[in-house]
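# any chance you can model this:
(one chain, ligands or ions: 2)
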Amino acid sequence: MTTNMTKILFNELGVEQTKKLLRCGECVAIPTETVYGLAADAQNPNAVRKIFAAKGRPTNHPLIVHIPNISHIQRWAQDVPNLVEKLAEAFWPGPLTFILNAREDLDSPVTGGLKTVALRIPAHPLLLDILTDLDMSLAAPSANRYKGLSPTCSEQVLQQLNGRIAGILEGGNCEHGIESTIVDVTGNHVRVLRAGPINASDIEEVIKQPVIVPNTHNDIVPGNVSAHYQPNTPVTLLSQNQLLERLEENNNQNTGYLVFSENCSDALSRHNVSGNRIIKLRDTPAEYARHLYYSLYLLDTPDTAEILVEAPKQDTSWLAVNDRLSRAASYCLADD
Ligand code: TXA
Ligand code: MG
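Ligands and ions are numbered 1, 2, ... in the order given. Modelled structure (predicted):
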């Protein structure tokens, strides 16, 4: 851990500084197309341990290894099923992470002690260039403190990790705004362990086989804990009617609102709720996901008493968004 202030690294010089730091075994926050990650040389155990220390993350919570190309798969995994090649061709570089059997001789803190390993090729051009140029695999969890919200811009990384890491490579706002889809391909069927930007139906179309999407999967994978992705302010999920009722009963000036319907935003204006306490997101899953964490960061200020969220519908296209919202929420009343 470093006690100096964390530097934001810009432009070409920033990319060169990032590479240098990574080569020296330091941790650097990097942009990905999903959320910002906290990267270190995956083959350097001391560098990987710095990630756990900076995040305050338990060392049995495994990390995703980001690789520059598919030839790196065999450095980490064995018994790779054929469908991985098909899926990689369709979705890599991109927001899909495979859980594969780890090589028998692999002894690395990235697995958190499991016999499996998580791999993906990310699509953000800056990161992909760095990976390719260094020909290195980079371990990178989301660049937040343990259980915090994943950051989707460099300022939010700084808010959480200032003084704990060497630098943050500036790469703009993340395109997807939520973490990658994670699929376990070690069994007879592909199973979604974490819903994300790529849906089960997108995967089924490529492999022509059904994909299992457990409601709450039974694997207790360390790191997949329900109280995750939480802002400091309590979040409550409400149906549109519940939210409108709450507004009639009690319009607390310290409440923040995350809504998407015209009904809710009109009612909030009628009740003179201050504009900086309301965020209205677009009513489509990809657009909503892109701005979700960013919006929660904005509403999560020290003078906010609670955040009320208008729950999106329970529909498979909203699965990833609803998963993140239910983890962010301390209370979930929405049932209609
Ligand atoms: O989009 C993403 O996936 C981002 C960017 C930075 O790539 N990364 C990310 O990493 O979300 P992290 O560490 O915040 O979440 C990784 C998840 C954890 O829930 C962890 O339990 C799971 O992946 N995971 C990692 N290795 C695993 C394994 N071998 N078996 C099952 N789950 C695993
Ligand atoms: Mg995370």
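# alpha carbons only: can I get the helix or strand harbouring residue 245 in CSV?
Per DSSP states H and E: residue 245 is located in helix 240-249. Output of helix 240-249 as CSV, limited to C-alpha atoms (Å, rounded to 0.1, in the frame of the first residue of the first chain):
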residue,chain,number,x,y,z
GLN,A,240,-44.0,2.9,-8.8
ASN,A,241,-47.2,2.9,-6.6
GLN,A,242,-45.2,2.4,-3.4
LEU,A,243,-42.9,5.3,-4.3
LEU,A,244,-45.9,7.6,-5.1
GLU,A,245,-47.5,6.7,-1.8
ARG,A,246,-44.3,7.4,0.1
LEU,A,247,-44.2,10.8,-1.5
GLU,A,248,-47.7,11.6,-0.4
GLU,A,249,-47.1,10.5,3.1
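# what mean pLDDT does that helix get?
Mean pLDDT, helix 240-249: 93.
# how about residues contacting it?
Helix 240-249 is contacted from outside by 238, 257, 259, 261, 263-264, 267-268, 271, 273, 308, 310, 333-334, 336, using CB atoms under 8 Å, 6 or more residues apart in numbering. All C-beta atoms are positioned from the backbone trio N, CA, C, and that covers glycine.
# please narrow those residues to those residing in helices.
263-264, 267-268 (DSSP state H).
# related to what we said a few turns ago, tell me the one of the contacts of helix 240-249 nearest residue 116?
For these, the closest approach to residue 116 (CB to CB) belongs to residue 334, at 34.3 Å.
# let me know the angle separating the helix holding residue 245 from helix 262-270.
Helix 240-249 and helix 262-270 are oriented at 10 degrees to each other (axes from the mean of the first three to the mean of the last three CA atoms, to 10 degrees).
# where does the stretch 101-250 of the chain dip in pLDDT?
Where the stretch 101-250 of the chain drops to pLDDT under 70, the residues are 216-228.
# domain parsing for this structure?
Each domain of the chain is listed here as a residue range: 7-212, 235-332, per automatic domain parsing.
# give me the pLDDT for residue 276.
91.
# please give me every residue in contact with residue 108.
Contacts for residue 108 (CB under 8 Å, 6+ apart) come out as 42-43, 45, 48.
# and the gap between it and ligand 1?
11 Å (CB to the nearest ligand atom, to the nearest Å).
# ranking the domains of the chain by burial, who's on top?
domain 7-212 (a mean of 20; mean count of other CB atoms under 10 Å).
# that older thread, of the ones in helices among the contacts of helix 240-249, closest to ligand 1?
Nearest to ligand 1 out of the ones in helices among the contacts of helix 240-249 is residue 264 (CB to the nearest ligand atom; 29.5 Å).
# give me every residue in the protein lying close to ligand 1.
32, 34-35, 37, 61-64, 95, 97, 99, 111, 114, 116-118, 122, 140-142, 179-180, 182, 193, 221, 223-224 (CB under 6 Å from any ligand atom).
# not counting its neighbours along the chain, what's nearest residue 302?
Of all residues not flanking residue 302 in the chain, residue 232 sits nearest, at 8.0 Å (CB to CB, 6 or more residues apart in numbering).
# okay, now that neighbour: neighbour count?
Neighbour count of residue 232, defined by other CB atoms under 10 Å: 11.
# ok, now how distant is it from residue 259?
To residue 259, residue 232 is 21 Å away according to CB to CB, to the nearest Å.
# can you pull out the strands in the stretch 151-300 of the chain?
Ranges of strands within the stretch 151-300 of the chain are 167-169, 181-184, 191-194, 235-238, 255-259, 278-280, based on DSSP state E, counting those that start in this stretch.
# out of the ones you listed, flag the one nearest residue 80.
Closest to residue 80 of the strands of the stretch 151-300 of the chain, according to CB to CB: strand 181-184, at 13.0 Å.
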